[in-house]
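turn this into a structure:
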Amino acid sequence: MADSLHRLNSSSSDPNFKLSCDILLSKAVRHDQSSIDSILAHDNPEEPTIVLPDGQIYFWYLAIGSMNNPVSLHLRDLHPIISYPARCLKYRIVFRAPGGMADLEPLEEAEFDGVVHLLNEEQMTRLDKMEMVYKRIRVPVIDYQNKSHIVYAYKMDITQAPEGLPTERYLDIIVKGCEHYGVRPDYVNRLRQEQPVIPRKQPHMYQSFPDLPSDVYYTPEELARHNGNDPELPLWICVNGKILEYAGLPSSEDPDYESQKRFYSFVQTQFGGREIDYGLSKALYEPYYKVPLHENDLSDEHRAMIEDHYFTMQFRNNQKNYWKPIGRLRRSDNTANSSS
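Next comes the predicted model:
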């Protein structure tokens, strides 16, 4: 029987990825070679860090997923001093369910290709916080000039997570990043041709939040008051012009309590009382769309994709949903953000 699993089609997103790179990378501040050389003069291939005489610390970091893409890095305010392609030895890449995110799995005879970045201490500290479900480990790499180095990589800090398929969006980010940084074409082609993916949804397949009141509108000022700081007011966020109200944390005995507590803290801090489309467009970078430069730079279709992703995440596998659609956001010109 022929393999009927879907494979990556990256050509449809090539134009907007190139446009995004041109926009963002034209603004990037490049390090001068003398500064780079002064840092590398203290490099030890047996260590994943470079410690300068003045105490500054730099970290060699092997990206295995979206962080090998220059746009993803820029959107997270990560700006490597240098980057280069390399092979990682004695590990293989796997994708873990339910989200299909990349992970490392030890395997003596295996190897894979990725991109090594050199980051300063402040950026590495922020990256540690971003990679909440991962732990940092040391791994051996060999660059394309056959020079070896010990570097840091991130491995999922969970046990017995089954393998799953990556989304087409996620693999597209990885493949485009590999190509940008010069990873071997034969490795990139294997990812493109052999790795099954969950197909991209077409715009007509995007889902919207159900049971949204048709005639209830709130002002930006009302949204802002529900930022989670007032214990008397429930937390609100706005996705694609639709306001969602948080139902509240479950009891401390509930199996969901700890995960919901962490999620609530993250959402309240990052998005409480605000529109989240622009922020999510950076966290959920989709090469198919031009990266937006500000809130009003998002297309209606891009906003619909973000709503679909948030809807899918909240209603996955019929799990308990903690968000209730309560109305729409009314703009200052008395028009709603979304009419869908």
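
what residues of the host helix or strand of Arg328 count as buried?
In this assignment (DSSP states H and E), Arg328 forms part of strand 323-329. By 16 or more other C-beta atoms under 10 Å, the buried positions in strand 323-329 come out as 323, 325-329. Backbone N, C-alpha and C define where each C-beta goes, glycine included.

which strands or helices does the longest strand along the chain pack on?
When the chain is parsed with DSSP state E, its longest strand is strand 101-120. Here strand 101-120 touches strand 57-63, strand 83-96, strand 134-143, strand 148-156, helix 168-180, going by 3 or more C-beta pairs under 8 Å, 6 or more residues apart in numbering; DSSP states H and E.

that strand: how far from the chain's middle?
Offset of strand 101-120 from its chain centre (C-alpha atoms, centre = their mean, to the nearest Å): 17 Å.

next SSE downstream of that strand?
Next helix or strand after strand 101-120 toward the C-terminus (DSSP H and E): helix 121-130.

residue contacts, the residue nearest to the spatial centre of the chain?
Centroid-nearest residue in the chain, with C-alpha atoms, centre = their mean: Ala283, separated by 4.6 Å. Contact partners of Ala283, counting by C-beta atoms under 8 Å, 6 or more residues apart in numbering, are Leu75.

do you know how far it is from Arg184?
Plainly put, Ala283 is 29 Å away from Arg184 if you go by C-beta to C-beta, to the nearest Å.

for Pro203, find the nearest of the helices and strands packed on strand 101-120.
When the helices and strands packed on strand 101-120 are compared by C-beta to C-beta, helix 168-180 sits nearest Pro203, at 13.6 Å.

next one: phi and psi at the residue nearest to the centre of the chain?
Torsion angles at Ala283 (phi, psi; degrees, to the nearest 10) stand at phi -70, psi -30.

residues near Tyr181, how many?
21 (other C-beta atoms under 10 Å).

ok, it to Ile82 distance?
Tyr181 sits 11 Å away from Ile82, going by C-beta to C-beta.

got the contact list for Phe271?
Residues in contact with Phe271 (C-beta under 8 Å, 6+ apart) are 237, 279.

and the residue lying closest to Leu119 once chain neighbours are set aside, what pLDDT?
If the residues on either side of it in the chain are set aside, Leu119 comes closest to Phe59, at 5.1 Å by C-beta to C-beta, 6 or more residues apart in numbering. We have a pLDDT of 99 for Phe59.

same check on Glu258?
86.

one more: the one 10 residues further on?
As predicted, Gln268 sits at a pLDDT of 94.

which strand or helix spans the closest residue to it other than its chain neighbours?
Computed as C-beta to C-beta, 6+ apart, the closest residue to Gln268 that is not its neighbour in sequence is Gly228, at 3.8 Å. Gly228 belongs to no helix or strand when assigned by DSSP H and E.

make residue 1 into 27 and carry on from there
New numbering, starting at 27: the last item is Gly254.

give me every residue that touches Gly254.
For Gly254, the contact set (C-beta under 8 Å, 6+ apart) comprises 261, 294, 298-299.

can you name the two of the residues you listed that sit furthest apart?
The two members of the contacts of Gly254 with the most space between them (C-beta to C-beta) are Gln294 and Gly299, at 8.8 Å.

can you list residues touching both of those two?
Joint contacts of Gln294 and Gly299 (C-beta under 8 Å, 6+ apart) are 253-254, 261.

from the residues you listed, which is closest to Ile332?
Using C-beta to C-beta, Leu261 is the member of the shared contacts of Gln294 and Gly299 that sits closest to Ile332, with 18.7 Å.

contacting residues around that closest one?
252-254, 271-272, 290, 293-294, 298-299.

please report the distance of it from Tyr348.
From Leu261 to Tyr348 the distance is 10 Å (C-beta to C-beta).

and for Asp282?
From Asp282 to Tyr348 the distance is 8 Å (C-beta to C-beta).

report pLDDT for Asn360.
pLDDT, Asn360: 45.

so which helix or strand takes in Arg218?
helix 211-220.
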